[in-house]
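Chemist: Fold the following, please.
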Amino acid sequence: MAQEPRTLIRNAIVLSMDDSVGDFLDGDVLVAGDRIAAVGQNLQADQAEVIDGRGRIVIPGIVNAHMHTWQTGLRGLTSNMTLLEYFRWVHRGLATAFRPEDIYIATLAGAIGQINAGATTLGDWCHNNPTSDHTDAAVEALFESGIRSVFLHGSPKPDPKPGRPHFSEVPHPRHEIERLRRDRFAGRDQLVTLGLAILGPHYSTMDVARADFRLARELGMVASMHQGGGEAKTPGGWERLEAEGLVGPGINVVHGNNLSDEQIRRFVGAGVSFTVTPENEMTQGHGFPITGRVLAAGGQPSFGVDIESLVSTDMFTVARMALACQRSLDNDLSRRTTGAIPEACTVSTRDALRWITLEGARMLGLDDRIGSLTPGKQADITILRATDWNMWPVHDPYSTVIMQSNVGNVESVMIAGQFRKRDGKLLWSDGARVKRDLETSGRRIVSQLGIPTQLNG
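Modeler: The predicted structure follows:
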């Protein structure tokens, strides 16, 4: 029987994000097939391809836990919009012009862009899928890209047509989820898996929220929902869902800026996960990110880019934004209550790396497979070139990764034991076509609505 291919990364700075494995300033990572076989020093492996890791930092593959990848072709278009303007121009406008082929190319380009930026896993929150063809186009693009992803099946949010119900009154389509489970998502042991992007009590009626929570529990699926942005559709909805025993593990709250500290404490105790998108939230008007409030409640947040129509694609920026915002809030509180800045940092760069690796994996229900460099887990690995001008010299590798790194430092990306980016180059044969098709799609959609920019007023 032929031996499975093996790769040995030797003499690198290794940040495992697993306390039982530890970190190494001069360490090795052995990959066998699609798994991490060993992490340590002076590892031996016959017939393995040896990669010189000197001057490199090896981390678990980055997890972008929340992104609306269908908006990739609209990059930068909403960067000056508040949340209310965004709802008007995107959900009630641009989204309605998307054809299945637009969803496909945006999702494909967005997923490839994530790999290029060092992410190995994507939580694709797809809520512009008015037909099965739109859904299938997004799913096909994720499979084709080679990224590990959870396709979070959502629902569109246009203004209702005459005689049709408002989107808040429409339960999640069970028949569509069952179709997907029979077809592309029949097994868990594949790179692309299925979850639910539901409305939740903030954006739906109580009957719809209850039905969607029960559907998620019945099917054993992650159910992610936005929380915040204007008035809740169902005031007191969370309390009723809690009373009915529907709030627990598998429930994911995105944003959550308007939740009370007591609600966050209860949710953390019940096993609910939180996903924060700090740059988006601070820019559009959601409120201050709840990073510190989740931590104070005993939880750990995950993080996401959210929308590339507003912000950049890379999770290094997301982590820096989260860290800077929370430190600023903590410093301000200390000044107001004691008259002095804190004696020490309240959140660390190691915390931030955990948020964009292990906690992202946990939110997506994949922490048994990815999120740390743990022997036996899938070999999802990001390698950074630490000898670059903006990185060198390395004194504290965690701080170098979080505070100095950018997309240009991502040298190689491995997903399930296969390189998808290597030596600074994406292993994608037809990038020019993807870019061309993305531009054609984006320009057609934007031209239909005449959306204002700083160039045209």
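
Chemist: Go through this protein and flag its longest helix.
Modeler: helix 315-338 (DSSP state H).

Chemist: Counting by contacts, list what that one packs against.
Modeler: In terms of contact count using 3 or more C-beta pairs under 8 Å, 6 or more residues apart in numbering; DSSP states H and E, helix 315-338 is assigned the packing partners strand 62-67, helix 278-284, helix 291-296, strand 302-303, helix 349-355. C-beta: built from backbone N, CA, C; applies to glycine.

Chemist: out of those, deepest packed?
Modeler: Burial of the helices and strands packed on helix 315-338 is given as mean neighbour count (mean count of other C-beta atoms under 10 Å); strand 62-67 ranks first at a mean of 31.

Chemist: Return the angle between stretch directions for that strand and helix 315-338.
Modeler: Relative orientation of strand 62-67 and helix 315-338, computed by axes from the mean of the first three to the mean of the last three C-alpha atoms, to 10 degrees: 80 degrees.

Chemist: Dump the very next helix or strand once past strand 62-67 to CSV, restricted to CA.
Modeler: Counting by DSSP states H and E, the next helix or strand C-terminal to strand 62-67 is helix 83-86. Coordinates of the C-alpha atoms in helix 83-86 are reproduced here as CSV (Å, rounded to 0.1, in the frame of the first residue of the first chain):
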residue,chain,number,x,y,z
LEU,A,83,-26.3,50.7,8.3
LEU,A,84,-29.6,52.4,7.2
GLU,A,85,-28.1,53.4,3.9
TYR,A,86,-26.7,50.0,3.5
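
Chemist: so which of the helices and strands packed on helix 315-338 gets nearest L219?
Modeler: Shortest separation from L219 across the helices and strands packed on helix 315-338 is recorded for strand 62-67, at 20.1 Å, computed as C-beta to C-beta.

Chemist: for the closest one, the distance to its chain's centre please.
Modeler: Between the centre of strand 62-67 and the centre of its host chain there is 1 Å, according to C-alpha atoms, centre = their mean, to the nearest Å.

Chemist: what comes into contact with it?
Modeler: Contact with strand 62-67 is made by 110, 114, 117-125, 224, 254, 275, 277, 302-308, 315, 318, 356-357, 359-361, 363-364, 370-371, 382, as judged by C-beta atoms under 8 Å, 6 or more residues apart in numbering.

Chemist: Okay, and which of the residues you listed map to strands?
Modeler: Applying DSSP state E to those, the entries found in strands are 119-125, 224, 254, 275, 302-303, 382.

Chemist: of all these, which comes closest to V58?
Modeler: Nearest to V58 among these: T382, at 7.6 Å, using C-beta to C-beta.

Chemist: Just confirm the closest one contacts V413, I think it does.
Modeler: Yes: applying C-beta atoms under 8 Å as the test, T382 and V413 come out as touching, 5.6 Å apart.

Chemist: where in the stretch 51-200 of the chain is pLDDT low?
Modeler: Counting by pLDDT under 70, the stretch 51-200 of the chain contains no low-confidence residues.

Chemist: What segments of it are helices?
Modeler: The residue ranges that make up the helices of the stretch 51-200 of the chain, judged by DSSP state H, counting those that start in this stretch, are 83-86, 100-116, 132-145, 174-182, 200-203.

Chemist: With mean neighbour count added, can I get those helices in CSV?
Modeler: As requested, the helices of the stretch 51-200 of the chain are exported to CSV (neighbours: other C-beta atoms under 10 Å):
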stretch, mean neighbour count
helix 83-86, 16
helix 100-116, 25
helix 132-145, 21
helix 174-182, 14
helix 200-203, 25
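
Chemist: Could I get the pLDDT score of the closest residue to E4 other than its chain neighbours?
Modeler: Distances taken as C-beta to C-beta, 6 or more residues apart in numbering put G33 closest to E4, at 3.8 Å, once the chain neighbours are dropped. At G33 the predicted local distance difference test score is 96.

Chemist: you'd agree G33 is up against T7?
Modeler: No: the pair formed by G33 and T7 falls short of the contact definition of C-beta under 8 Å, at 9.8 Å.

Chemist: joint contacts of these two?
Modeler: Counting by C-beta under 8 Å, 6+ apart, the shared contacts of G33 and T7 are G417.

Chemist: who has more neighbours, those two?
Modeler: Set side by side, G33 and T7 show unequal neighbour counts under other C-beta atoms under 10 Å, the larger going to T7 at 21 against 15.

Chemist: Would you mind measuring from that one to L427?
Modeler: Spatial separation of T7 from L427 under the definition C-beta to C-beta, to the nearest Å is 14 Å.

Chemist: and what of D351?
Modeler: 32 Å.

Chemist: and G40, how many neighbours does it have?
Modeler: G40: 15 surrounding residues under other C-beta under 10 Å.

Chemist: Chain neighbours aside, what residue packs nearest to it?
Modeler: Ranked by C-beta to C-beta, 6+ apart and with sequence neighbours excluded, the top spatial neighbour of G40 is D28, at 6.1 Å.

Chemist: Where does that neighbour fall, secondary structure wise?
Modeler: strand 23-32.

Chemist: Quick check: neighbours of that strand in the sheet, parallel or antiparallel?
Modeler: strand 6-15 (antiparallel), strand 35-40 (antiparallel) (DSSP bridges).

Chemist: Report the mean confidence score over the longest one.
Modeler: Think strand 6-15. Model confidence over strand 6-15, given as mean pLDDT, is 97.

Chemist: Residue numbering should commence at 17 henceforth.
Modeler: Happy to do that; since the first residue is 17 now, the last one works out to strand 22-31.

Chemist: P172 contacts N144, doesn't it?
Modeler: Yes: counting by C-beta under 8 Å, N144 is a contact partner of P172 at 5.6 Å.

Chemist: picking up where we left off before, mind checking how far the residue nearest to E20 is from I131?
Modeler: 20 Å.

Chemist: same question, V450
Modeler: In this structure, V450 lies at 12 Å from I131, with C-beta to C-beta as the measure.

Chemist: and if you look at N145?
Modeler: 23 Å.

Chemist: now the stretch 367-473 of the chain, which segments are flagged as low pLDDT?
Modeler: When residues are selected by pLDDT under 70, those of the stretch 367-473 of the chain lie in 468-473.

Chemist: Please enumerate the helices of it.
Modeler: 374-379, 413-415, 447-465.

Chemist: For those helices, give me CSV that also has distance to L59.
Modeler: Written out in CSV, the entries for the helices of the stretch 367-473 of the chain read as follows (distance: least, C-beta to C-beta, whole Å):
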stretch, distance to L59
helix 374-379, 23
helix 413-415, 19
helix 447-465, 34
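
Chemist: out of these, deepest packed?
Modeler: Taking mean count of other C-beta under 10 Å as the contact definition, the stretch among the helices of the stretch 367-473 of the chain with the greatest mean neighbour count is helix 374-379, which reaches a mean of 26.
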